[in-house]
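A.B. asks: here is my input; please provide its structure:
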Amino acid sequence: MMKKIAIIPARSGSKGLKNKNIIDVCGKPLMAYSIEAAVNSGIFAKVIVSTDSKEYGEIARKYGAEVMYRTEALSNDTATTYDVLQDLLNRLDIEFDYFVLLQPTSPMRTSRHILEAVNQFEGNYQEFDFLVSVKEAEHAGVLVRPIEKDGSLKHFDTDFSNYKRQNYKEYSPNGAIFIAKPKKYLRQKHFFGAKSMAYIMKKRDSIDIDDELDYEFACLCMNKKLKGSQDE
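C.D. replies: Next up, the predicted model:
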């Protein structure tokens, strides 16, 4: 059986929502949902929360995770995901086959999704080095273009009166699940490319809390889920 660890990055502070990673979502701090999903899956040798906050660390332990504190240099807005993971992976004293990155801003991602993604990855382990969860894109790529500083729509050079959605679906990463072989990740520094496979999730399970509107929508969906109005 392959050995894997779960990593949940949760630094304190947020420019959008204050203390976003521990904001209350239907009676629990936001990151608790990711911790519980990882723990309840029952497949990880370790579930680790990477944080810069003692308060966050106490919450993480309460819900069953181990804690690794990051330095101040890795706790500001300029620190990348790669910077944080590189530091953590180099400090670990455990051998494992791959890690699963679970961002705390995806509360609708459950242990079922984690198990499905892991089984898909392990079933294709020889062919792929990475896995990224995705959702069907809300808009086709042709509909997403930059706008010039003068307000010009010159990049939208399409007759939309005759526009028909392509016969193929387009997808975008939803931020819920990332899987990687550690050596491959440290070499490539990201999760994408030809050696990365997609795990497709439903839109309702792909909510990623970034701002106030996302938060309100997540609370609404979670409340409905907890009341049993949605299937797992």
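
A.B. asks: identify the residues contacting Ala65.
C.D. replies: With contact taken as Cβ atoms under 8 Å, 6 or more residues apart in numbering, Ala65 is in contact with Ile8, Ile35, Ala38, Val39, Val47, Ile48, Val49. In short, each C-beta sits where N, CA and C put it, glycine included.

A.B. asks: what about the strands in this structure?
C.D. replies: Applying DSSP state E to the chain gives strands spanning 4-9, 24-25, 28-29, 46-51, 66-69, 98-101, 130-136, 171-180, 196-200.

A.B. asks: scan the contacts of Ala65 and report the most crowded one.
C.D. replies: Val49 (29 neighbours; other Cβ atoms under 10 Å).

A.B. asks: that residue contacts Met31, correct?
C.D. replies: Yes - using Cβ atoms under 8 Å, Val49 is in contact with Met31, at 7.1 Å.

A.B. asks: overlap in contacts of those two?
C.D. replies: Ile8, Ala10, Tyr56, Ala60.

A.B. asks: as a markdown table, the residues you listed with pLDDT would be great.
C.D. replies: Formatted as a markdown table, these follow (pLDDT from 0 to 100):
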| residue | pLDDT |
| --- | --- |
| Ile8 | 98 |
| Ala10 | 95 |
| Tyr56 | 97 |
| Ala60 | 98 |
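
A.B. asks: which of the residues you listed ranks first by neighbour count?
C.D. replies: Ranked by neighbours (other Cβ under 10 Å), those are led by Ala60, which has 29 neighbours.

A.B. asks: partners of the residue nearest to that one when sequence neighbours are not counted in the sheet?
C.D. replies: Among residues not flanking Ala60 along the chain, Val49 sits closest, at 3.8 Å (Cβ to Cβ, 6 or more residues apart in numbering). Beta-bridge pairing for Val49 (DSSP bridges): Ile8, Val67.

A.B. asks: let me see the contact set for Val49.
C.D. replies: Ile8, Pro9, Ala10, Met31, Ile35, Tyr56, Gly57, Ala60, Ala65, Glu66, Val67, Met68.

A.B. asks: for Phe44, which non-adjacent residue is spatially closest?
C.D. replies: Ala6 (4.6 Å).
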